[in-house]
Structures are given as C-alpha cells and as structure tokens.
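Enquirer: here's a sequence, model it:
(one chain, ligands or ions: 1)
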Amino acid sequence: MQFFIDSADVGEIQKALAMGLCDGVTTNPSLVARTGRKFSEVLKEITALVPGPVSAEVTAVDHAGMMKEARALAKVADNVVVKVPLIVEGLRAVRSLAAEGIRTNVTLCFSPVQALLAAKAGATYVSPFVGRLDDVSEDGMAMVSQIVEIYRSYDFATKVLVASVRHPVHVLEAARLGADVATIPFAVIGQLANHPLTEIGLKKFLADWEKVPKE
Ligand code: G3P
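Expert: Below is the predicted model of the structure:
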C-alpha cells in the first residue's frame, strides 16, 4: 500500500519524505490556496522534491478547457498526474488524456458507480472522498469496499486512492480493504505511529534503565 501526502505545503512534504512516508503527493485548489503561493511555483518545487506521482488539479469544467490545462500541467514534470473532477466532461477528458498517455486522478468520487465510470474511462487513479461522505452520515469506507470489489471483479487497472482521510482508522480500513493508496494529511501521518501504551512503556523502560548499574 502506498502513502501519499495530501498537501501543497513544501515543508510538510519534506518532513513526510524524511519519515519515509511519502510515496507521492496529492494537491487540490483548496490546499494550494492555503499556501498563499503561485500554483506554478509550488508544483515545480513539489515535483522536483518527490520522486513519486504528484496530482495537480484542473479548474476548467469543460472538455476543451480541461485538455488545455491538463497538457500544460503534464509538461511541468514527468511525475505530474492530472486531477480531473468526476463529471461527464471530466470523464471525457480522462479518456482523451489516456489516449495521449497522460496519467489522471479522478477526484470528488462519492459513489461506487462513479468509480466504475472512472475506471471505464481509463483513469490511472480514482479518489473516493471518505471523510466528506462520513460528514453527511454516509459510510465512506463502505464505498471504498464496493469500489475494490468492483475493480477486482473486472480486473480494472485503475488504482483506488482513498482521499479525504481524517484519522488513523481511515488508514487502517483502507489497508484492510486492499486500497492501493491512501492520501493522508500531514497531521494524520504524525498520529499513525502514536500509541499511549508505547509512550508509557518507553518511559518505564528508560526509568528502569537508570536503575541498572553502569560500568
Ligand atoms: O485531496 C482531496 C481530499 O483529500 C480532500 O480532503 O479533508 O478536504 O475532505 P478533505
């Protein structure tokens, strides 16, 4: 299972790389806006820093506009994956981009049937948003489970990239379901290694070590 970091913050990405927990990066317009920096600069920096795939999102909502933006984004670096919204025009663009050899990440997926359409269009990744579905009293991970089941049944090559991850249990469930990737906010990456009993146990070991006669 791959871990991507869901961030456009270069500092966070560097820290995740140093932890060995950054197989790739996903960005979106909201994350880029949070940096207060120009998207072109941020994207160049991230793609140079990270050897793995870096998702960068188009903002056009029509096929022609998406194609224009996607081609420009793909030119920035070889590891750019173009993020396209899961709308009819987006699916058309995914099909055209696949024919041009440009990798895509279909974003804003909220149902297994939408994910089926993304796979049929030839998406490289599909991003089911689990946290946002949980927010409206639906079950985000149940959606992922059905997507994995459908993709396995038909041997689709599209990878399941669990997005809108809010806490470690989302990561655990994504791993149990066999999702290909989870894209994780930096704060949640930090939480993954924590366990109160590890902390208590370490404190006790270190305190006991003080009692051991030293040479
Ligand atoms: O990158 C898309 C997704 O991960 C957004 O997450 O927390 O804004 O729902 P969130």
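Enquirer: where does the residue most central in space within the chain land in three-state SS?
Expert: The residue lying closest to the centre of the chain (CA atoms, centre = their mean) is Thr183, at 2.9 Å. The three-state label for Thr183, taken from DSSP: H, G, I helix; E, B strand; the rest coil, comes out as strand.
Enquirer: contact residues of this protein facing the ligand?
Expert: Counting by CB under 6 Å from any ligand atom, the residues of the chain close to the ligand are Asp6, Thr26, Asn28, Phe129, Gly131, Arg132, Ala163, Ser164, Thr183. (Glycine included, C-beta is placed from N, CA and C.)
Enquirer: what do you get if the cut-off is 5 Å, keeping everything else the same?
Expert: Asp6, Thr26, Asn28, Gly131, Arg132, Ala163, Ser164 (CB under 5 Å from any ligand atom).
Enquirer: list the contacts for the last one?
Expert: This points to Ser164. Phe129, Val130, Gly131, Arg132, Leu133, Gly140 (CB atoms under 8 Å, 6 or more residues apart in numbering).
Enquirer: and if you look at the fifth one?
Expert: In this structure, Arg132 makes contact with Phe110, Gly140, Ser164, judged by CB under 8 Å, 6+ apart.
Enquirer: would you agree Ile13 is in contact with Asp23?
Expert: No - look at Ile13 against Asp23 with CB atoms under 8 Å: they stay out of range, at 11.8 Å.
Enquirer: and those two? Which one has more around it.
Expert: Taking other CB atoms under 10 Å, Ile13 and Asp23 do not tie; Ile13 has more neighbours (22 against 18).
Enquirer: how about the more buried one, secondary structure?
Expert: Quick answer, by three-state DSSP: Ile13 is helix.
Enquirer: and it, how far is that from Gly122?
Expert: 28 Å (CB to CB, to the nearest Å).
Enquirer: could you do Ala142 as well?
Expert: For Ala142, the distance to Gly122 - CB to CB - is 26 Å.
Enquirer: those two: which has the busier surroundings?
Expert: Ranked by neighbour count (other CB under 10 Å), Ala142 and Gly122 place Gly122 first, with 18 against 14.
Enquirer: leaving out the residues flanking it, which one is nearest to the more buried one?
Expert: Using CB to CB, 6 or more residues apart in numbering and skipping the chain neighbours, the partner closest in space to Gly122 is Ala98 (3.5 Å).
Enquirer: now the helix or strand where Ile46 lies: average pLDDT?
Expert: Using DSSP states H and E, Ile46 sits within helix 39-49. Per-residue pLDDT over helix 39-49 has a mean of 97.
Enquirer: flag every buried residue along that helix.
Expert: Neighbour-count burial for helix 39-49, with 16 or more other CB atoms under 10 Å as criterion, is recorded at Phe39, Val42, Leu43, Ile46, Thr47.
Enquirer: burial of the closest residue to the first one other than its chain neighbours, as a residue count?
Expert: This means Phe39. Closest residue in space to Phe39, ignoring its immediate chain neighbours: Val32 at 5.1 Å, by CB to CB, 6+ apart. By other CB under 10 Å, the residues close to Val32 number 18.
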